[in-house]
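A.B. asks: fold the following for me, if possible:
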Amino acid sequence: ITGNTSYYDGGGVINFNTFNISGGTITGNTAEDGTENVYLPSGKTITVESTPAAGSEIGVTTEGIPTADSPIDITTDYNGDASCFKSDNTAYTVIKAEGNTPAQLSVALSPWKQLQADMAAGGSITLTQNVTAEADDTALVVPEDKTVTLDLNGYTIDRALTAPAEDGSVIFNYGTLTIKDSGTGGKITGGNNNGGGGGVYNTGATLNMSGGTISGNKAEFGAGVALYLKSTFNMSGGAISGNTAFTNAGGVHIASGTFNMSGGTITGNTSYYDGGGVLNYDTFNMSDGNITGNTSYYDGGGVINFNT
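C.D. replies: Numbering: from 1, shown residues only. The predicted structure is shown next:
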């Protein structure tokens with residue numbers, strides 16, 4: 001079922017009663033609000049008679065809007081492969097719901113949207129998978145009144161931006177963010193910001209880092225981490241490495257605030273002007289750690305200091 005159009009709901013199929021499938025393809029259909037292949041009004045589901053054949057693909061839209069705490073069932077009494085079902089809305093993904101025997105399928109937030117919701121709520125977050133942004137996803141945000149402890153747990157958060165963007169940081173921190181890594185190789189990467197802070201942009205915020213790596217990010221200033229409006233960055237471990245600033249501060253840009261470095265490594269960062277590793281306009285205290293192998297094409301390959 002493909003290539004059909006409805007000016008209301010259900011470009012391909014709208015189900016008001018019983019809809020049984022055992023395979024096939026229902027894709028490429030459109031409705032008033034965009035792509036709609038199988039439209040399920042509230043309370044309606046798909047009955048899967050047998051495991052869909054290889055190559056089957058069925059797009060699904062639900063009348064209800066899923067939230068992080070309330071996914072929406074799209075099938076019942078189905079314990080097979082879920083990979084043939086796709087959400088028509090790229091903000092969501094189809095998963096096997098937990099706690100059901102046999103398992104049900106539910107529409108839930110994508111991993112990136114789920115992480116956004118978790119960070120907005122505050123609290124402790126431990127990654128259980130790599131999390132990669134889609135093209136239409138926005139940055140992760142720690143709100144002003146929230147405290148977030150983010151355990152990378154050996155996994156990667158990837159903004160996946162190949163070109164500079166106005167909202168191009170991986171994380172915007174307005175509250176208190178602690179980054180650690182109880183696994184091996186946890187990483188924050190893929191930021192590409194027209195302004196500062198390709199990895200983590202801090203405004204009037206506190207950033208604590210004891211583990212993990214902020215690497216492979218790009219920005220005009222502070223490709224790894226940028227501090228604004230009297231932010232504080234306490235680094236006791238982890239690494240800021242392999243970031244590239246189009247102007248200044250490949251690793252850390254202290255525009256306004258304090259950077260306390262008691263451990264960790266700042267290495268392999270590049271700035272096309274000043275401060276390959278660190279550029280300080282406010283306060284930089286270093287009691288331990290390593291700043292090594294950074295490059296600037298003008299002044300201060302490791303550190304350039306304009307204040308304290």
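
A.B. asks: mind pulling up the pLDDT for the residue most central in space within the chain?
C.D. replies: The chain has residue 112 as the residue nearest its centroid, 4.5 Å off, counting by CA atoms, centre = their mean. What the model reports for residue 112 is a pLDDT of 93.

A.B. asks: tell me the secondary structure of it, please.
C.D. replies: Three-state call for residue 112 (DSSP: H, G, I helix; E, B strand; the rest coil): helix.

A.B. asks: who touches stretch 195-203?
C.D. replies: With CB atoms under 8 Å, 6 or more residues apart in numbering as the contact definition, stretch 195-203 has outside contacts at 166, 168-174, 177, 179, 188-189, 191-193, 207, 214-215, 217-229, 231, 233, 240, 243, 253, 255, 257. Glycine gets a C-beta too; all of them are placed from N, C-alpha and C.

A.B. asks: list buried residues within these.
C.D. replies: 168-174, 177, 179, 188-189, 191-193, 207, 214-215, 217-228, 231, 233, 240, 243, 253, 255, 257 (16 or more other CB atoms under 10 Å).

A.B. asks: what ranges of the stretch 101-250 of the chain fall below the confidence cut-off?
C.D. replies: Scanning the stretch 101-250 of the chain for pLDDT under 70 picks out 101-105.

A.B. asks: do that again at 90, thanks
C.D. replies: 101-110, 135-136 (pLDDT under 90).

A.B. asks: and the helices in it, which stretches?
C.D. replies: With DSSP state H, counting those that start in this stretch as the criterion, the stretch 101-250 of the chain has helices at 111-121.

A.B. asks: not counting its neighbours along the chain, what's nearest residue 230?
C.D. replies: With sequence-adjacent residues excluded and distances taken as CB to CB, 6 or more residues apart in numbering, residue 230 is closest to residue 257, at 5.0 Å.

A.B. asks: please apply the same query to residue 250.
C.D. replies: Nearest one to residue 250, counting by CB to CB, 6+ apart, is residue 269 at 3.3 Å.

A.B. asks: show the contacting residues for residue 108.
C.D. replies: Residue 108 neighbours (CB under 8 Å, 6+ apart): 66, 68, 71, 92-95, 114.

A.B. asks: residue 178 and residue 171, how far apart?
C.D. replies: 12 Å (CB to CB, to the nearest Å).

A.B. asks: ok, residue 139 next?
C.D. replies: 6 Å.

A.B. asks: give the residues shared as contacts by the two.
C.D. replies: In contact with both residue 139 and residue 171: no residue, using CB under 8 Å, 6+ apart.

A.B. asks: one step back: thought the residue nearest to residue 250 was touching residue 292?
C.D. replies: No - if you go by CB atoms under 8 Å, residue 269 and residue 292 don't touch, sitting 10.2 Å apart.

A.B. asks: so which of those two has more stuff around it?
C.D. replies: Comparing residue 269 with residue 292 by other CB atoms under 10 Å, the one with more neighbours is residue 269, at 32 against 13.

A.B. asks: contacts only, for that one.
C.D. replies: So residue 269 contacts 223-224, 240-245, 250-251, 276-277, 294-295 (CB under 8 Å, 6+ apart).

A.B. asks: please apply the same query to residue 192.
C.D. replies: 159, 161-165, 168, 198, 217-219.

A.B. asks: residue 124: neighbour count?
C.D. replies: 11.

A.B. asks: any idea how far the nearest residue to residue 243 once chain neighbours are set aside lies from residue 131?
C.D. replies: Nearest residue to residue 243 in three dimensions, chain neighbours excluded: residue 223, at 3.7 Å (CB to CB, 6+ apart). To residue 131, residue 223 is 20 Å away according to CB to CB.

A.B. asks: ok, now residue 5?
C.D. replies: 35 Å.

A.B. asks: neighbour count for the two, which is higher?
C.D. replies: residue 131 (20 against 11).

A.B. asks: which residues touch that one?
C.D. replies: Residue 131 sits next to 111-112, 115, 155-158 when contact means CB under 8 Å, 6+ apart.

A.B. asks: what's the closest of the residues you listed to residue 121?
C.D. replies: Nearest to residue 121 among those: residue 115, at 10.8 Å, using CB to CB.

A.B. asks: who's in contact with the closest one?
C.D. replies: Counted by CB under 8 Å, 6+ apart, residue 115 has contacts 125, 131, 140, 157.
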